[in-house]
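Chemist: Generate coordinates for the sequence data below:
(2 chains)
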Amino acid sequence: MKRLYLLAAAAALIATPAFAQNTITIGFTDSVTGPLNVDSLGQTRGYEFWRDEVNAAGGIKAGGKSYKVKFVSYDDESVGGRVQQLYTRLINQDKANFLFSPYSSGLTAPAAVISEQYGKIMIDSGGAEEKPFEQGNKYLFMVITSATHYLSGAIEALKEKDPHAKLAMVYSDDPFSKDVLAAAAQQAKAAGLDVVLDESYSPSTTDFGPVVNKIISSNADAFLGGGHYSDGATLARQMHDQKANMKWMSILVAPADDKFAELGPAALGVTVPSQWEVQVSYKPQFGPTTAQFVKAYEAKFHAPPDYHAASGYTDGMILQHAIEQAGSVDPEKVTAALNAIDVTTFFGRIKFATDPGHHGLQVGHKMVLAQWQMINGKLGRQVVWPTEAQSANLLYPMPASK
Amino acid sequence: MLGFIASIIDGVLVGLVYGLAAMGLTLIWGVMDVINLTHGAMIVAGMMLLYLLASALGLSPYLILAPSLIGGFFAGIALYWIAIHRMTGRPPLMSLLSTFAVNLVLVGVGTAVWGTALFNVEVSVPGFSLGRYTFPGPHILAAVLAAVIAVGLYFFLHHTRTGKAMRAVANNREASELVGIPTTRLLAISVGVGVALATVSGTLIGTLFPYTILSGDSYELKGFIVTVLGGFGNPIGALVGGVALGVLEGAVTPFVPVSWTLVIEFALFVIVLIAFPGGIFTRRRGGL
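Modeler: Residues are numbered from 1 along each chain as shown, chains lettered A, B, ... in the order given. Now for the predicted structure:
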């Protein structure tokens, strides 16, 4: 009997740690499998990199307590249909305190329906589409520039180089790309540029040969378009192979990945709107500088960070800042702190719209335009627009196919 | 007008490659009524082989067709013993499910190893130009090679003992067994040849476009349309079906918005299924 008491006492000792450890759980889904895997991986690495740094520094400090950060995540297989089920699970079963977005607009919109339903804060770095922010959501906050401004820089740069440029717009018919190009078409018209071709294609298109011929027939000298990944790369290669000889090409998303260099000469001169590049140098009010971020990231992952990694990291940093400002993990208090945020980080300025028609939309951050150029004999991206942020001069017209 | 002609020529070139990509699918169907859902994954296997050998060893992309053909043949034989052998003679859904399962495993392993990152193989073959429109050299060469491989398959099926035996098995398996044809071995060889056609077409497609581990799906889908156009189980019909599809894509693109191309393709798919249930270029059932 005595032995039993001793055992019970020992068990009680093990079960009650000397100091209660506070943790906050953050839930998200990422695309471990399926077509969004590459971009999603960058974003997830950004999340995890932030978590490891925060925990190494002792956690998030708020209201005299410190909270360790714990992640729960699931593979959404790049499919919108799974997202709602998984976010419901993250909230109900895994008791997530806060949420991060999945990658891409198509997946973020359904996830936001769930986060809003349960009154959970979701910080979004993966979906740039504006629609979810026009529906009166209260707990959804976007740290990246929204789709309508993706090509603003390209249009401005193009207008300066050639005020009479004729534009061909050919893009994937997914919600993000359509949003981006619809806004770009309006901005082009306002800038007095002529849009001579405006068409969308199915994401499963394999051969763009006839499309490229159509672009050539339209007598355009500038091309804006693309979509997500392999379609954008295929377009770039076929434009080069078929000697479309555009003076300007802006392609969404695909050229922002370092693997775009695989295309060799077909990549040269292609521009891509980017949320962030390793060359940008904002003066952060807190958190790392760009140089510190890049160095630590490369040491950990043995690869340079892309903008998805930087925006993922920013998700965490902004949530942490809001919790610290609120001095609490109470969702209403953190929401109020997020609404009041107006800060500059290594990722740029962050400020959320607070009017009910656009609540949570990013209004502080600005994108840059990057161009693939030869840097010391190797292909790499240079920031070419806006001029005050550029790391190299814009190549215009872009090099012709040989 | 020149643009239209250019698009038609482009359509023929790409169509021949579509046809080659569908040939393996329709051959396996013709011989044993099995829809091989690993077809897309095998096309990607051909692409990956191209990437690995071309970038690691610096081989010419066209030399890699040989290892792709041989490797594909043995992969096909393995596939037969793993996923198809015990399913022959059972309801078609069984082999559909088992090949689908193998497909998921292959794509899953591929994603784990390479991710869905982009691969591209640069090929420099001079093309020719028609006014402002250019036909890239790799497209012309791929189309010619696709036609050569198709002719080779025709001779194999009609002028070799094994080919003739394959056609006999397709026509009537029991009767072939009665005359002493080792049908199991021939079924395995048929899957081998079918998969070899898939990997070779993957290697050729890899010289034309950049690709990811998931690119196979689109070509498998195209393969089904081509198979329906060309006739189920008719490999040479598949080549004609492929050209028909390529020309259709080329011919409609200049006149309608690009997003309508798929709508028109699949509408045609339905019409052909209703009007010619066996395909336009089909011969009698089992006539491989």
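Chemist: can I assume A:Met249 sits in a helix?
Modeler: No - with DSSP: H, G, I helix; E, B strand; the rest coil as the criterion, A:Met249 is assigned strand and is not in a helix.
Chemist: neighbours around it, how many?
Modeler: The number of residues packed near A:Met249 is 26, by other CB atoms under 10 Å in any protein chain shown. Every residue, glycine included, has its C-beta placed from N, CA and C.
Chemist: That one contacts A:Pro397, doesn't it?
Modeler: No - with contact defined as CB atoms under 8 Å, A:Met249 does not count as touching A:Pro397 (10.1 Å).
Chemist: How about the residues of the stretch 51-200 of chain B by chain A?
Modeler: Residues of the stretch 51-200 of chain B that fall close to chain A, judged by CB under 8 Å from any CB of the partner chain: B:108, B:111, B:115-120, B:122, B:127, B:129, B:132-136, B:138-139.
Chemist: now those residues: which count as buried?
Modeler: B:111, B:115-120, B:132-136, B:138-139 (16 or more other CB atoms under 10 Å in any protein chain shown).
Chemist: residues touching the residue lying closest to A:Ser105 once chain neighbours are set aside, list them.
Modeler: By the measure of CB to CB, 6 or more residues apart in numbering or on different chains, the closest residue to A:Ser105 outside its immediate chain neighbours is A:Glu129, 3.5 Å from it. Contacts for A:Glu129 were tallied using CB atoms under 8 Å, 6 or more residues apart in numbering or on different chains; they are A:105, A:108-109, A:146-147, A:175-176, A:179.
Chemist: Make JSON lines from those residues and add secondary structure, neighbour count and pLDDT to it.
Modeler: As requested, the contacts of A:Glu129 are exported to JSON lines (DSSP: H, G, I helix; E, B strand; the rest coil; neighbours: other CB atoms under 10 Å in any protein chain shown; pLDDT from 0 to 100):
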{"residue": "A:Ser105", "secondary structure": "helix", "neighbour count": "25", "pLDDT": "91"}
{"residue": "A:Thr108", "secondary structure": "helix", "neighbour count": "25", "pLDDT": "95"}
{"residue": "A:Ala109", "secondary structure": "helix", "neighbour count": "22", "pLDDT": "94"}
{"residue": "A:Ser146", "secondary structure": "coil", "neighbour count": "25", "pLDDT": "94"}
{"residue": "A:Ala147", "secondary structure": "helix", "neighbour count": "24", "pLDDT": "92"}
{"residue": "A:Pro175", "secondary structure": "helix", "neighbour count": "18", "pLDDT": "86"}
{"residue": "A:Phe176", "secondary structure": "helix", "neighbour count": "23", "pLDDT": "89"}
{"residue": "A:Asp179", "secondary structure": "helix", "neighbour count": "19", "pLDDT": "91"}
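Chemist: Pick the one among the residues you listed closest to chain B.
Modeler: The closest of those to chain B turns out to be A:Pro175 (CB to the nearest CB; 14.0 Å).
Chemist: what's the distance between the closest one and A:Glu130?
Modeler: In this structure, A:Pro175 and A:Glu130 are 10 Å apart, going by CB to CB, to the nearest Å.
Chemist: interface residues of the stretch 1-150 of chain A facing chain B?
Modeler: Taking CB under 8 Å from any CB as the criterion, the contact residues of the stretch 1-150 of chain A with chain B come out as A:33-38, A:41.
Chemist: Show the residue spans covered by the helices in the chain.
Modeler: This is for chain A. Under the criterion DSSP state H, helices of chain A are mapped to A:2-15, A:37-56, A:80-92, A:105-117, A:152-161, A:175-190, A:209-217, A:230-241, A:290-301, A:307-326, A:331-340.
Chemist: sorry, should have said chain B
Modeler: Shown for chain B, the helices assigned by DSSP H span residues B:2-32, B:39-56, B:65-79, B:92-114, B:137-159, B:161-171, B:173-178, B:183-206, B:216-230, B:235-252, B:260-275.
Chemist: gap between the last one and the chain center?
Modeler: Going back to what we said before, that points to helix B:260-275. Mean C-alpha position of helix B:260-275 versus that of the full chain (CA atoms, centre = their mean, to the nearest Å) differs by 20 Å.
Chemist: show me what contacts the residue of the stretch 251-400 of chain A found nearest chain B?
Modeler: Ranking the residues of the stretch 251-400 of chain A by distance to chain B (CB to the nearest CB) places A:Glu262 first, at 4.1 Å. In this structure, A:Glu262 makes contact with A:233, B:118-120, B:210, judged by CB under 8 Å, 6+ apart.
Chemist: now do 10 Å
Modeler: When contacts are counted by CB atoms under 10 Å, 6 or more residues apart in numbering or on different chains, A:Glu262 touches A:233, A:237, A:379, B:51, B:55, B:117-122, B:210.
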